[in-house]
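Enquirer: Using only what follows, build the 3D model:
(one chain, ligands or ions: 1)
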Amino acid sequence: MAILKTEAVILSIMPQGETSKIVRTFTKDYGRISFIAKGSRKLKNRFGGSLDQLNHVKIIYYDKENRDLQIATQCDIINSFPDLKSDLEKLSFGFAIVEVIVSLVVEEETNAHLFDLLIKTLNVLENSDKNYDNIYWYFLIRFLRQGGFGLSLGDCLRCSRKIENETAFFSIAEGGLICNSCSDAKTFYFKIAADTLQIIRIIEKKEPEKFQNLRISQNTKRDLNKLFDDYFRYHFEGYDAPQAVKLLMT
Ligand SMILES: [Zn+2]
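Expert: Predicted structure coming up:
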């Protein structure tokens, strides 16, 4: 048994027995890990207020191989995202992002880059005051890129013609654009309007501070949601759009 220390984001918390909690996390160094925090439901306990969903924490624990629940001994807050948690809309996007991690990241598969992306996205949400959906799409696009499913939004996949901000066809299966002349009636394409293509290119290339003020029309939002929904469903078995997003976007 080893004592390990890592940064983590708390994905969910469940009571366990009279006095303890089960804490599911995504850690920077060891992937998704579940802990038992013994005694953490007692009024006075060593975990203080650190155990709250979405908190970015530093956790110390006893690690034993082949055990479902590791034993947490200490947990300290790095960031509890107070602004994010006091705004219902921001919070919904925070939960949606966590839902993507829970449903698509395999347990104990280490991915420090994804962890950094998660922390960055939560920090941007915490500090922003508008257009939270842009930040959510930013997360999805980067998530796809890291998983090897990045969107190819430059040239036509068939003839390499540069596709400007024009109506184009997106092949869900191949993850890229097909120009007007190369599209054929037999294949299913997602038709992307010029506006939608332009927005998605900006979010794909730039950092959040550059598109924070970008206002997106309702039509384009619907388009983007449908596109991501179709794309995730095709490439990730069993995927379902996060509840929080379904509520916000309908
Ligand atoms: Zn073409």
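
Enquirer: which parts of the chain sit against the ion?
Expert: For the chain, the contact set with the ion under Cβ under 5 Å from the ion comprises 156, 158-159, 161, 179, 182. C-betas here are computed from N, CA, C, even on glycine.

Enquirer: Please name every helix or strand in contact with the lowest-mean-pLDDT helix or strand in the chain.
Expert: Ranked by mean pLDDT, DSSP states H and E, the weakest helix or strand in the chain is helix 243-249, scoring a mean of 74. Judged by 3 or more Cβ pairs under 8 Å, 6 or more residues apart in numbering; DSSP states H and E, helix 243-249 is in contact with helix 88-104, helix 132-146, helix 218-235.

Enquirer: Most tightly packed of the ones you listed?
Expert: helix 132-146 (a mean of 20; mean count of other Cβ atoms under 10 Å).

Enquirer: what's the offset of that helix from the middle of its chain?
Expert: For helix 132-146, the separation from the chain centroid amounts to 7 Å (computed by Cα atoms, centre = their mean, to the nearest Å).

Enquirer: for stretch 18-26, same thing?
Expert: Using Cα atoms, centre = their mean, the offset of stretch 18-26 from its chain centre is 22 Å.

Enquirer: Export only the CA atoms of it, formatted as PDB.
Expert: Extracted in PDB, the C-alpha atoms of stretch 18-26 (Å, rounded to 0.1, in the frame of the first residue of the first chain):
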ATOM      1  CA  GLU A  18     -23.800   7.000   8.900                       C
ATOM      2  CA  THR A  19     -20.600   8.900   8.800                       C
ATOM      3  CA  SER A  20     -18.700   8.600   5.500                       C
ATOM      4  CA  LYS A  21     -18.900   9.700   1.900                       C
ATOM      5  CA  ILE A  22     -17.900   8.200  -1.400                       C
ATOM      6  CA  VAL A  23     -16.100  10.800  -3.500                       C
ATOM      7  CA  ARG A  24     -15.700  10.200  -7.300                       C
ATOM      8  CA  THR A  25     -13.000  12.200  -8.800                       C
ATOM      9  CA  PHE A  26     -10.900  12.800 -12.000                       C
END
